[in-house]
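Asks: need a structure here:
(chains A, B, C and D)
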2 protein chains.
Amino acid sequence: MSSSQEKFNAFIREKGLRLTSQRTVIARLALNRETHFTADDLLAWSREKDKGISRATVYRTLSLLTDLGLLESLDFGDGRLCYEPAEGRNHHDHIVCLHCGSITEFHCNEIEELQCDVADRLGFRVDHHSLRIYGTCKDCSERTECNEQR
Amino acid sequence: MSSSQEKFNAFIREKGLRLTSQRTVIARLALNRETHFTADDLLAWSREKDKGISRATVYRTLSLLTDLGLLESLDFGDGRLCYEPAEGRNHHDHIVCLHCGSITEFHCNEIEELQCDVADRLGFRVDHHSLRIYGTCKDCSERTECNEQR
DNA sequence: ATCTAATTGAGACTAAATCTCAATTACGCC
DNA sequence: GGCGTAATTGAGATTTAGTCTCAATTAGAT
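Replies: The predicted model follows:
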């Protein structure tokens, strides 16, 4: 069992909540993902393990996991949230290709520091931030150039 | 009439679209705002001028204006888009107070440059970006400290 | 095994945004 | 100024992610 799952179980016990089979299935699937996923993805995977699992329970478990900080929710502006495991991963931002939709992670310490400077200057205490760069990825650029040459 | 409105009118003519009274009302109200607003705000203001204006027409005009680059749409993650005039304004990012919801604009050239560097390194051509810092504003920090002292 | 409060599933509900389509209207043409 | 027609509109149906309700179920303490 991953350490995130152990944290989840511990949290459930601490808070006097109950470790149901549904929560176990949903949390395991969510926390062991490599990349981001939607609530609907998670519902589908969960139902492969237990047909009866309801949409509501998936959303309720997602809330628990994000409140706990084990999952991070990502809004790519397409009308639904994505989620990704947050434990044991370094903070990162995302660069999104507007053509193929691919999402690449990146991290830049200098940007993070400058963000803190800006917040300081404005008298803000930073909780978190979201930086999203939108553009055209290498593959799509090359593909477009080829088309233009025709 | 503002230069944005003239651009809107010119665009309408160029494209063989029609300059309806509804479009004129909605565009004028949207383009002359100082701060961001929602589609529903704009619908309410438009109906003050012309009771019959429909929600659909407001959304359709918002699409025209954002496609044209005269408005920018902002997603603060509260389940609906905000809009703000984009013409004649410098690009800026937003810092949001999680307590009072206030939204402050800021701009940092160094961050912008670093973003371009990062994109270059990853082979991306940048189209646009969105940087949002979430935290506690000065006023709310002070209010919280006072409460803690009780 | 029993008890009880937390949890679940099913489906109703919400809210922003989009879509449909018959009725209206802007605008080029005469 | 009036005509014709294709763009536009309004009303309301629809979509979709997510939330809520509540009776039935169940985890976990005793």
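
Asks: what lines up beside the longest strand belonging to chain A in the sheet?
Replies: Counting residues, the longest strand found in chain A (DSSP state E) is strand A:125-136. Taking DSSP bridges as the criterion, strand A:125-136 sits next to strand A:93-97 (parallel), strand B:125-136 (antiparallel) in its sheet.

Asks: show me which residues of chain A sit near DNA strand D.
Replies: A:12-13, A:18-21, A:38-40, A:55-56, A:59, A:63, A:79-81 (C-beta under 7 Å from any atom of the strand). The way it works is simple: take the backbone N, C-alpha and C, and place the C-beta from them, glycine included.

Asks: could you identify the most distant pair in those?
Replies: The span of these, defined through C-beta to C-beta, is set by A:Arg13 and A:Gly79 at 36.1 Å.

Asks: which one's more surrounded, those two?
Replies: A:Arg13 (11 against 8; other C-beta atoms under 10 Å in any protein chain shown).

Asks: give me the domain ranges for chain A.
Replies: A:1-88, A:90-150 (automatic domain parsing).

Asks: would you turn these into TSV with mean pLDDT?
Replies: Formatted as TSV, those follow (pLDDT from 0 to 100):
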stretch	mean pLDDT
domain A:1-88	95
domain A:90-150	89
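
Asks: and of those domains, who's closest to B:Asp67?
Replies: domain A:90-150 (14.3 Å).

Asks: still on that earlier bit, CSV please, covering the domains of chain A and showing distance to DNA strand C.
Replies: Formatted as CSV, those follow (distance: least, C-beta to the nearest atom of the strand, whole Å):
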stretch, distance to DNA strand C
domain A:1-88, 3
domain A:90-150, 16
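
Asks: tell me which stretches of chain A form helices.
Replies: A:3-14, A:21-31, A:39-49, A:55-67, A:109-121, A:138-149 (DSSP state H).

Asks: so which bits of the first one are buried?
Replies: Neighbour-count burial for helix A:3-14, counted by 16 or more other C-beta atoms under 10 Å in any protein chain shown, picks out A:Ser4, A:Gln5, A:Lys7, A:Phe8, A:Ile12.

Asks: out of those, which one sits closest to A:Glu112?
Replies: Distance to A:Glu112 across those (C-beta to C-beta) is lowest for A:Ser4, with 23.8 Å.

Asks: show me the contacts for the closest one.
Replies: Applying C-beta atoms under 8 Å, 6 or more residues apart in numbering or on different chains to A:Ser4 gives the contacts A:Leu31, A:Leu70, A:Pro85, A:Glu87, A:Gly88.

Asks: quick check on those residues: which are buried?
Replies: Looks like these have A:Leu31, A:Leu70, A:Pro85, A:Glu87 buried, using 16+ other C-beta under 10 Å.

Asks: coming back round to it: between the buried residues of helix A:3-14, which is closest to B:Asp127?
Replies: Out of these, the member with the shortest distance to B:Asp127 (by C-beta to C-beta) is A:Ser4, at 34.9 Å.

Asks: now the closest one: how far from chain B?
Replies: Applying C-beta to the nearest C-beta, to the nearest Å, the value for A:Ser4 to chain B is 24 Å.

Asks: got it, and A:Ala119?
Replies: A:Ala119 is 6 Å from chain B, by C-beta to the nearest C-beta.
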